[in-house]
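Enquirer: I'll drop the sequence and a predicted model, then ask my questions.
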Amino acid sequence: MEQPSPARPSGTPGTPDVIDVEQAEAALVEHYPRLVRLAYLVLPPSLGRNRRVLTAHSVTQRALPRGRTATAPPALPAQRGSAPRGADPGYAYVRLKVLRSALEAGRPLLRAAWPKRSQFPPLLPRVRGLRLFPKSGGADELALDQRLSALSGPARAVYVLRGLEHLDDAAVRTVLTAAGCTPQETTAALYEADGVEPQYALLSSPEFDPCSLHARPTDLMRRRQHAKAAVAGAAALLVCGALLGLPGEGWGPDGAAAPPYARNPAGQAALDPAKLTRVDPATWRSSARTDFSVWPARGSLTDDKALLRRALAVWARPGESVQVSATPGTPAGAPPGPAQLLYAGELDQARVVLLYDGLRIVRYAEPAEGTSGAALDFARVDGASAAQSGAVVVDRSDGNVRYLTAPWVTGAAVRDLLRPSDAARPLARTKDGVTAPFPSPALAPAGQPCTGWNALALTSADATRYATDLGELVPAHLTAGAPDAPREARPADWAATACSLAAARSHGVRSVNAWAYAEQRLPEGNGRAEWVCTRAETWRGGGPRTLALFRPPGAGSAVVAAKSQTSAACGERDQAVVAGVRWKSRGGHWYLVAAGSNEVKSLSAAGVSEAGHVLAVRVARGADVTLAGVTDGGVQVAPLR
């Protein structure tokens, strides 16, 4: 019997590798999450997050050879002798197929050429009734995603191959050439990718992981209408024609909004730019209320009906490409009726619209050219006082923030809370009340040392009030003093504790109060320490963030001794507070030092009880110590935890 000839070893010098479909399938299954991540990063962001996820899975699953065998790409210089993944010809083959399809998906359709399969929406995988998108990352991931979206497809591929696959430029050039890029495209892509900071570790973030997904329903009402249309047949054509027709005299296209669904009179009125409430500029002077309801409509585009129509339509039904955010506890639904127009104008290459519906401030932003990449932000502001309605964020870019100020604001300035002795820096404003940009502490990179904390000083006829950006549409109002009688803050009140405001970012914070509730003479003649309690109140009422901070003598900033998100301590309802911290003296001895507010008449810990509201007891460094306080009426005060 004739013996079969032995198979040629993979990787024989001078001959290309031949792989079979089982070898390619094994590589695809083993490295599937990595391949899908590579495809997701290279695909054009203009597809929207849901379609990018499905397309990434689709092109990866179609990466197997069509026949039983296929020729692998030539081995890459950076891969020889490297990790097993790089040396596996099966992996190199499926990676090249994935990369080629992802690049093809970003190329425009041409009349003179047949379209590629990846240029159309994927048939499989298909998820009906759900929108899928990766988990949200931090500010660094968002900034990197924006920078990558500005690159061409080959340049994104260069960045991803460098960062995710650890290939050098020679290997990258080989892969791109094999994926169908011309030498000129490859050279241009290398230079273009050099312009983006190499933050390769961020590519492994959940922000770019299309295998760990959030799921949300699609437009349920629209799906119901489609089901009825399928049954009704010819009647559905009339319904769709009515839905797609322009109402009234016509407002123009809806931009990034999703297709419309069943209408009702109240919903139609909410989408009519002509029905937007526009407050007279002089109303606030005689009004009994001083809040967002008396802000006039300002900006150069308040008469741009097409822009206002798009903003209202996106608010009612944001499309898949719209980036939607809402502060905790803020509903993100459609307007209940005609809203109030606060601002419409162009800032920093973007058109911005600010709307108010009595409960929420809504910010719509789109690029100055086109509507791709529109954003919709919601912030709850019900019950805002004059101090909490002095400014709204209109733009954030390049680490800076710009505000639209209230009509009663007569002057604006910037103060660094960590340098209270420095003079305020006056902040220029346009005739519409929009401030010049200035650095925002909310946009500082994660992990960067806190060396400054900017606050916005707003001067009106009765006071100068301070607020700070905590990453939301409305800045948090800063106060100081006892919780039952807070006053307007001064920079000196926050000089030692401003950096602790970072813990309150993006939590729907309405105001933050700083209260220096105790001073304590430290043992062994180590000077006097200060105890401060900060409490961040939210717009939704629940979830306050309370911190007890300890500032030893000579320290520039206080350290967090205790914190809570559920305690009523240090608030208007329960002013009493107790906190302790382990502290090392200059002599090298460890103590538990503790302090309570004036309501506390005695403290006890480690078997020692002392009258008064401060305590210092010597303890072993790792000893388990229980701290307790008692008021004059014998009520136990648990320490803040």
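Expert: Received, thanks. Residues are numbered from 1 along each chain as shown.
Enquirer: Keeping just the C-alphas, turn the longest strand along the chain into CSV.
Expert: Looking across the chain with DSSP state E, the single longest strand is strand 509-521. Taking C-alpha atoms only, strand 509-521 is exported to CSV below (Å, rounded to 0.1, in the frame of the first residue of the first chain):
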residue,chain,number,x,y,z
VAL,A,509,-23.5,66.9,43.6
ARG,A,510,-25.6,70.0,44.4
SER,A,511,-23.4,71.7,47.0
VAL,A,512,-20.4,70.9,49.3
ASN,A,513,-19.9,72.3,52.7
ALA,A,514,-16.6,72.5,54.6
TRP,A,515,-16.8,72.7,58.4
ALA,A,516,-13.7,73.0,60.7
TYR,A,517,-15.3,71.3,63.7
ALA,A,518,-12.4,70.8,66.0
GLU,A,519,-8.8,71.8,66.9
GLN,A,520,-6.6,69.4,68.8
ARG,A,521,-3.3,69.9,70.7
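Enquirer: Report all helices and strands that that strand contacts.
Expert: In terms of contacts (3 or more Cβ pairs under 8 Å, 6 or more residues apart in numbering; DSSP states H and E), strand 509-521 is packed against strand 476-480, strand 528-538, strand 590-596, strand 614-618. Placement of C-beta: from N, CA and C, glycine included.
Enquirer: Quick one: those as TSV, columns for mean neighbour count too.
Expert: Listed next are the helices and strands packed on strand 509-521 as TSV, based on neighbours: other Cβ atoms under 10 Å:
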stretch	mean neighbour count
strand 476-480	25
strand 528-538	23
strand 590-596	24
strand 614-618	20
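Enquirer: who wins for proximity to residue 336 among the ones you listed?
Expert: When the helices and strands packed on strand 509-521 are compared by Cβ to Cβ, strand 528-538 sits nearest residue 336, at 22.6 Å.
Enquirer: Give me the angle between the closest one and strand 590-596.
Expert: Calculated by axes from the mean of the first three to the mean of the last three Cα atoms, to 10 degrees, strand 528-538 forms an angle of 50 degrees with strand 590-596.
Enquirer: So in that sheet, which strands flank strand 528-538, and in what orientation?
Expert: Strand pairing for strand 528-538, using DSSP bridges, gives strand 509-521 (antiparallel), strand 545-551 (antiparallel).
Enquirer: could you give the mean pLDDT of that strand?
Expert: Averaging pLDDT along strand 528-538 yields 95.
Enquirer: cool, and stretch 476-488?
Expert: Mean predicted confidence for stretch 476-488 is 95.
Enquirer: contacting residues around that stretch?
Expert: Applying Cβ atoms under 8 Å, 6 or more residues apart in numbering, the external contacts of stretch 476-488 come out as 387-388, 455, 463-468, 470, 489-490, 493-494, 501, 504, 509-515, 535-536, 570-572, 575.
Enquirer: if you set the cut-off to 7 Å instead, what comes out?
Expert: 387-388, 455, 463, 465-468, 470, 489-490, 493-494, 509-515, 535, 570-572, 575 (Cβ atoms under 7 Å, 6 or more residues apart in numbering).
Enquirer: highest average neighbour count across the strands paired with strand 528-538?
Expert: Of all the strands paired with strand 528-538, strand 545-551 carries the top mean neighbour count, a mean of 23, counting by mean count of other Cβ atoms under 10 Å.
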